[in-house]
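Novice: After the sequence you'll find the predicted model.
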Amino acid sequence: MGNEEIGVSIEGHVATVELKRPPNNFLDADLISHLASALEALDDDKQCRSIVLAAAGKHFCAGANLKKRVDDDAAGKPQTAWPRHLYHEAQRLVQTRKPIVAAVHGSAIGAGLGLALVADFRVTCKEARLAANFTALGYHPGFGMTVTLPRVVGHQRARWLMLTGRRVPGDEAYAMGLADRLVEQDKVRRVAQEMAAELAKSGPLAVQAARETLNVDLVPAFRAATEREAFMQQMLRETNDFKEGVKAGFDRREPVFTGT
């Protein structure tokens, strides 16, 4: 199920799936494809009844490496339809059948937050930082977040988070419902595994059926959202604001947007 970038282990009826690109766990289409394949394999494993999604290193997932993307564009390197391919792989994640608890021990930024939102539940700590920071970079929100974030925190909070791109500390994320449990940083994974073990006590077929019913509108909505997100990201990636936003983020300064 796993490889050098995705670790998979099973204890009892709980599988732990770990991102292994420390320290930042930047994601791309390959990583999400490997993750989706691991989750699909666990769907077929009757021993597994629930899953913990965790990560090695400092951060849960710092999103996509947009600086590399801008540098590649500047160098004239040929590009594939990157967001569309990435999001095609992301669509596989929301179609898997077993409940997932994300252990967010560090930052979940941009597409990294989108990945955490694919999970059914999230455990975090006050040291974590969560952000839908796309607009702060002059970019369009992605990874299905225009659908998943409002489902979790409500439309108005999601609108504020996406339009400002502000970073939310773990305790604030918990207060607004973005996380389900707030614990000490060194206990995040353990508590996520405890939650997953509690999920695994219920009838596995009943849990999967109930989860499918709860998500009956999520899969088509996620698919439609990622198609639009990919289109808008492709358009905005050609703007000066996007290049400035990514450079400012890399330089750790406020961007100077011009609306061009």
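Specialist: Done, it's in.

Novice: helices or strands next to the helix or strand harbouring residue 222 in the packing?
Specialist: Residue 222 belongs to helix 218-236 when elements are defined using DSSP states H and E. The contact analysis (3 or more C-beta pairs under 8 Å, 6 or more residues apart in numbering; DSSP states H and E) places helix 218-236 against helix 82-93, helix 145-153. In short, each C-beta sits where N, CA and C put it, glycine included.

Novice: Now do it against helix 145-153: the angle between them, please.
Specialist: 130 degrees (axes from the mean of the first three to the mean of the last three C-alpha atoms, to 10 degrees).

Novice: picking that back up, right, and the helices and strands packed on helix 218-236 - which one's nearest residue 30?
Specialist: helix 82-93 (8.5 Å; C-beta to C-beta).

Novice: Report the buried residues of the helix holding residue 222.
Specialist: 218, 221, 222, 223, 225, 226, 229, 230, 232, 233, 236 (16 or more other C-beta atoms under 10 Å).

Novice: what does it contact?
Specialist: Contact partners of helix 218-236, identified using C-beta atoms under 8 Å, 6 or more residues apart in numbering, comprise 81, 83-84, 87-88, 90-91, 94-95, 138-148, 151, 242.

Novice: Among the residues you listed, name the buried ones.
Specialist: Among those, those classed as buried by neighbour count (16+ other C-beta under 10 Å) are 83-84, 87-88, 90-91, 94-95, 138-148, 242.

Novice: for the stretch 1-150 of the chain, what spans make up the strands?
Specialist: Along the stretch 1-150 of the chain, counting by DSSP state E, counting those that start in this stretch, strands occupy 6-11, 14-19, 50-55, 100-104, 108-109, 121-124, 129-131.
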